[in-house]
Structures are given as C-alpha cells and as structure tokens.
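Engineer: here is the input, now give the coordinates:
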Amino acid sequence: MGYVDGEAGLGAWRYRRTRDPMLLLIDESTEGQEYGMVIPEKRNRMMKNRKRDATVASLVNLATGSWDAQVVTELLGVDAMQVYEDITNEALGKIWTWKGILPRVRTFLWRAIHGALPTAAWLHARIRDINPVCKRCRAENEYLMHLFYYCPVSQATWQAAGLTLNVDDLPLNFTKTLLTVTQTMDERQTVNYCNLLWEVWKARNREVFEGKKTQPLGILKQAKSMEQAVTTPSSNLTRTRVILNRIPRGAKTILIDASWEPSNKTGTTAVMVFDEQGGLLEALSQAMVTNDSFQAEAIALLQALQYVESNSTHTSRCPYVIFSDCKTLVQTVNQQCVDELPSWKARQTIAQCIVIWEQVLHTTSLYHTRREALTQPHLLANGIRKANSGSTGMELVRELGIDLQLLSQFFVFQ
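Structural biologist: The predicted structure follows:
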C-alpha cells in the first residue's frame with residue numbers, strides 16, 4: 001500500500017487499484033475509511049500499466065505543486081479536476097471580498113487554500129526525515145484538517161468559542177470546509193471565524209517552535225483583539241499611514257492595484273503615475289485573463305516597472321516610488337526570490353518583474369502600503385471590469401470621478 005504524499009488540496013488521500021473496474025480511495029484523515037470509485041473501462045485499461053499500489057505523489061506534478069492534469073484525467077476523470085478548481089476559485093473569490101478581515105489573515109487563508117501551509121505532513125512529503133505526526137496531540141498525522149479541526153486542542157478552542165463543529169459532518173478538504181462553515185454566517189461571524197483559524201495556527205506554531213502552550217481562552221482573547229484593531233476609528237489610523245508613506249522630494253509616485261473576477265478568471269490592472277507635486281500624470285489600465293488575484297497584482301507591478309524603464313534615460317533619471325498593497329509581492333521582488341511564492345502560476349510574471357527591477361533599482365523604490373491608501377487605482381481597476389463604455393486610462397478616471405491629486409491623508413513629500 002502506498003503512503004500518503006501530501007494533501008494537494010483534496011484531503012489526505014492514497015489510492016490503489018482493486019478488482020476491475022474499481023479505484024479504491026483511502027482517506028487517511030478518517031482513519032483509513034475507504035471509498036470506491038467506478039472507473040470507465042477506457043481509463044481502467046490505462047491504469048493497468050501503472051503500479052498497483054501508488055501514492056498521491058503520482059497524481060501531482062512535484063515541479064509545480066499542481067495536479068498533473070493528464071494523470072488525474074486518466075484515473076479519476078476530468079470532472080474531479082473541475083470540481084477542485086471550482087471550489088478553489090470560489091474560496092479565493094470570497095476571501096478577498098469578505099470585509100473586516102486583516103490582510104495578514106487573508107494571506108494566511110490564501111496559503112491554506114493553495115495547500116501551502118507547512119504542516120508536519122506537508123514538510124514530511126518533502127523531507128522524509130521530518131515526523132508527520134501532530135506534536136500537540138501525537139495521535140494523527142498533522143494535515144490541515146487535523147490541525148484546525150480534528151486535533152483535540154483545536155476542538156477545545158471551537159467549543160470555547162461556542163461553535164460546535166461535528167468533525168464527522170465536515171468535508172474532508174480545508175477549502176470546502178471553509179465554504180461550508182461560513183455559508184450560514186453573517187459578516188461579523190465570518191470575520192471572527194477567520195481570525196480564530198489564524199490564531200489557532202499561531203498558537204500551534206508557538207507550541208511547536210517555542211514550547212509555549214496557549215489555552216483556548218487565550219486564543220479567543222487574541223482573536224477578539226484583532227476584531228478591535230479592525231474597528232479602530234479611521235482618524236487614528238490615518239495619522240499612522242501619513243508617517244508610513246513618505247515620498248522623497250522630486251520623486252514621482254506610482255500606485256498600483258488589480259481586481260480579479262473568479263467566475264471568468266478576468267483580471268484588471270490599474271497603474272496611476274503622479275508627478276513631483278502629487279498631480280495625476282498618467283493612468284494605465286488593462287484587462288486580461290489571469291489564473292488568480294496574485295497573478296493580476298504581479299501583472300500590475302510589471303506594467304509599472306515597464307513604465308519606469310521606458311521613461312528612464314541616461315540624461316533624465318527621475319526617482320520613482322511604487323506602492324502596492326500586496327505584501328508578498330513586494331517582499332518577493334525586493335528579495336529577488338520566487339521560490340517560496342504561495343501561487344506558482346505567478347512566478348513567470350514576477351521573474352520578469354525582477355529582471356526589470358535589477359535595471360531600475362538605482363532610481364526606483366518599492367514599498368508595501370495599506371489598501372486604503374490605494375483607493376484611486378482600486379476604483380480604476382474595478383471600473384474597468386464593470387465599465388461598458390470601452391474607456392480606459394485617463395478617460396475612465398474622469399468618467400469615474402477619481403481624484404486627480406495624490407491623497408494627502410496617506411502620502412507626504414519630505
């Protein structure tokens with residue numbers, strides 16, 4: 001019998017072929033419960049040339065971390081792939097539209113949906129010397145579902161929060177569970193639920209790496225403090241943002257943002273260039289097909305860097321300051337490393353960004369800022385996606401009534 005080689009988004013599965021024409025799926029997360037799946041005769045013949053006992057690794061392209069579409073189509077049928085993609089796209093679309101969730105929690109959920117959280121089982125699939133067993137309960141392998149729902153420590157947290165989750169009724173996949181649990185919740189309950197997931201993850205890391213145990217009530221207290229941070233009066237936050245977004249005198253400012261529609265995988269980008277006095281100099285916009293919102297953000301940055309490159313000459317090298325609300329993107333380009341990205345589909349675009357970045361590094365700075373500071377490009381990116389007039393760039397800026405001056409409550413020249 002093959003051993004589980006990672007979750008890869010659909011749960012902790014291993015499989016083996018039984019008598020024709022059946023494929024037996026064995027779910028490790030429910031103590032080896034078996035599910036039989038009828039395989040059409042054509043695909044069953046294809047399986048005869050494969051090993052009788054195989055692992056989930058043979059369903060995954062380890063170079064990219066994604067499902068091997070050809071193998072999965074042969075073994076399980078294209079419908080299985082389509083269901084997985086639909087669930088993933090639905091979840092990705094929701095986490096970026098839920099209001100009141102802090103950016104770091106959104107990024108955490110995004111990584112969890114992509115199966116990129118380094119659980120013990122996830123690490124074991126890549127480094128065999130690492131023990132896959134949960135270090136908190138030492139009862140089962142630490143997959144996502146075990147970490148957040150099956151582990152007795154996590155279950156105690158949910159009970160303390162007044163949210164009783166019957167693990168027997170939960171889907172076997174983290175993404176599907178996220179959609180199922182939040183389906184009947186209002187906006188505030190959804191925010192609290194996501195904050196609790198984040199705090200459970202942090203408590204787990206403290207216990208594993210620092211040996212510090214956090215009681216369920218302590219986890220709840222931390223989650224409530226996050227809710228209070230979101231509801232802090234905007235006047236207090238504004239004073240902080242002014243300090244964070246400082247622009248050198250004589251530099252041009254570029255604000256970038258992107259919008260993504262998961263239903264048709266359409267992304268729109270907005271790049272707004274402001275002159276040395278903070279007046280809008282140029283607005284660039286584009287609509288294209290993208291795999292996810294992260295790739296759309298990367299394309300927006302690529303357009304900004306291409307603008308800087310094309311407007312920089314040996315005789316005139318005006319400094320530029322670029323602001324993005326995607327912290328992962330900013331860190332990746334500044335560190336010039338694409339190996340640890342949560343979305344492998346954006347790596348090629350970001351690699352192009354890094355090539356240009358190396359050429360304009362002496363005149364250009366790239367910083368992360370809060371989303372509220374990027375109101376102007378955010379409105380433009382959404383306007384492109386919703387507009388029927390066909391206008392783009394400066395024309396659409398005027399049609400939407402977007403402010404033509406850099407917002408002084410978020411940016412100051414020094």
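Engineer: could you chop this protein up by domain?
Structural biologist: Domain assignment for the chain by automatic domain parsing gives 13-76, 88-230, 239-413.
Engineer: and the ones you listed, which one's lowest on average pLDDT?
Structural biologist: Comparing mean pLDDT across the domains of the chain, the lowest value falls on domain 13-76: a mean of 47.
Engineer: separation between the residue most central in space within the chain and Trp198?
Structural biologist: The residue lying closest to the centre of the chain (Cα atoms, centre = their mean) is Trp110, at 2.8 Å. From Trp110 across to Trp198, the span is 12 Å (Cβ to Cβ, to the nearest Å). C-betas here are computed from N, CA, C, even on glycine.
Engineer: shouldn't the residue nearest to the centre of the chain be in contact with Leu92?
Structural biologist: Yes: with contact defined as Cβ atoms under 8 Å, Trp110 and Leu92 form a contacting pair (7.0 Å).
Engineer: still on that earlier bit, any idea which element the residue nearest to the centre of the chain lies in?
Structural biologist: Using DSSP states H and E, Trp110 sits within helix 103-113.
Engineer: and the helix or strand following that helix, what's buried?
Structural biologist: Next along the chain after helix 103-113, taking DSSP H and E as the criterion, comes helix 120-126. Using 16 or more other Cβ atoms under 10 Å as the test for burial, helix 120-126 gives Ala120, Ala121, Trp122, Leu123, His124, Ala125.
Engineer: among the residues you listed, which one sits closest to Lys135?
Structural biologist: Ala120 (6.9 Å; Cβ to Cβ).
Engineer: against Val133, how distant is the closest one?
Structural biologist: For Ala120, the distance to Val133 - Cβ to Cβ - is 7 Å.
Engineer: hey, what's in contact with both of these two?
Structural biologist: Asn141, Glu142 (Cβ atoms under 8 Å, 6 or more residues apart in numbering).
Engineer: phi first, then psi, for Thr349.
Structural biologist: Backbone geometry at Thr349, expressed as degrees, to the nearest 10, gives phi -60, psi -40.
Engineer: how near is it to Val333?
Structural biologist: For Thr349, the distance to Val333 - Cβ to Cβ - is 11 Å.
Engineer: what do you get for Ala161?
Structural biologist: Counting by Cβ to Cβ, the separation of Ala161 from Val333 is 38 Å.
Engineer: neighbour count for these two, which is higher?
Structural biologist: Using other Cβ atoms under 10 Å as the criterion, Ala161 and Val333 rank with Val333 on top: 22 against 17.
Engineer: and the more buried one, what element?
Structural biologist: Going by DSSP H and E, Val333 is in helix 327-335.
Engineer: just Lys94 next, same as before
Structural biologist: According to DSSP H and E, Lys94 maps onto helix 78-95.
Engineer: now Leu255
Structural biologist: Using DSSP H and E, Leu255 sits in strand 252-261.
Engineer: gap between that strand and the chain center?
Structural biologist: Centre-to-centre, strand 252-261 and its host chain are 17 Å apart (Cα atoms, centre = their mean, to the nearest Å).
Engineer: just stretch 183-202 next, same as before
Structural biologist: Using Cα atoms, centre = their mean, the offset of stretch 183-202 from its chain centre is 16 Å.
Engineer: in it, what counts as buried?
Structural biologist: Thr190, Val191, Asn192, Tyr193, Cys194, Asn195, Leu196, Leu197, Trp198, Glu199, Val200, Trp201.
Engineer: just the closest of those to Arg246, please.
Structural biologist: When those are ranked by distance to Arg246 (Cβ to Cβ), Trp198 comes first, at 29.8 Å.
Engineer: how about the closest one, nearest residue that isn't a chain neighbour?
Structural biologist: Spatially, and ignoring its direct neighbours in sequence, Trp198 is nearest to Val105 (4.7 Å; Cβ to Cβ, 6 or more residues apart in numbering).
Engineer: which residues sit in contact with that neighbour?
Structural biologist: Residues near Val105 by Cβ under 8 Å, 6+ apart: Cys194, Asn195, Leu197, Trp198, Met226.
Engineer: the nearest residue to Leu170 once chain neighbours are set aside: neighbouring residues, count only.
Structural biologist: Nearest residue to Leu170, sequence neighbours excluded (Cβ to Cβ, 6+ apart): Thr177, at 5.1 Å. Using other Cβ under 10 Å, Thr177 has 18 neighbouring residues.
Engineer: please identify the helix or strand for Thr177.
Structural biologist: Under the criterion of DSSP H and E, Thr177 resides in helix 174-182.
Engineer: got the angle for that helix vs helix 103-113?
Structural biologist: 120 degrees (axes from the mean of the first three to the mean of the last three Cα atoms, to 10 degrees).
Engineer: give the buried residues for helix 174-182.
Structural biologist: Phe174, Thr175, Lys176, Thr177, Leu178, Leu179, Val181, Thr182.
Engineer: mind putting those residues into CSV with distance to Glu399?
Structural biologist: Below are the buried residues of helix 174-182 laid out as CSV (distance: Cβ to Cβ, whole Å):
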residue, distance to Glu399
Phe174, 42
Thr175, 38
Lys176, 41
Thr177, 42
Leu178, 37
Leu179, 36
Val181, 41
Thr182, 36
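Engineer: nearest to Gln405 among these?
Structural biologist: Distance to Gln405 across these (Cβ to Cβ) is lowest for Thr182, with 39.1 Å.
Engineer: OK, contacts around the closest one?
Structural biologist: Thr182 sits next to Lys94, Gln189, Thr190, Tyr193 when contact means Cβ under 8 Å, 6+ apart.
Engineer: go ahead and confirm the third one touches Lys99.
Structural biologist: By that I understand Thr190. No: assessed by Cβ under 8 Å, Thr190 is found out of contact with Lys99, at 9.0 Å.
Engineer: does Gln352 touch Leu302 like I think?
Structural biologist: Yes: with contacts counted by Cβ under 8 Å, Gln352 reaches Leu302, the gap being 5.7 Å.
Engineer: these two: who's more crowded?
Structural biologist: More crowded of Gln352 and Leu302, by other Cβ under 10 Å: Leu302, with 22 against 16.
Engineer: kind regards, and thank you for your time.
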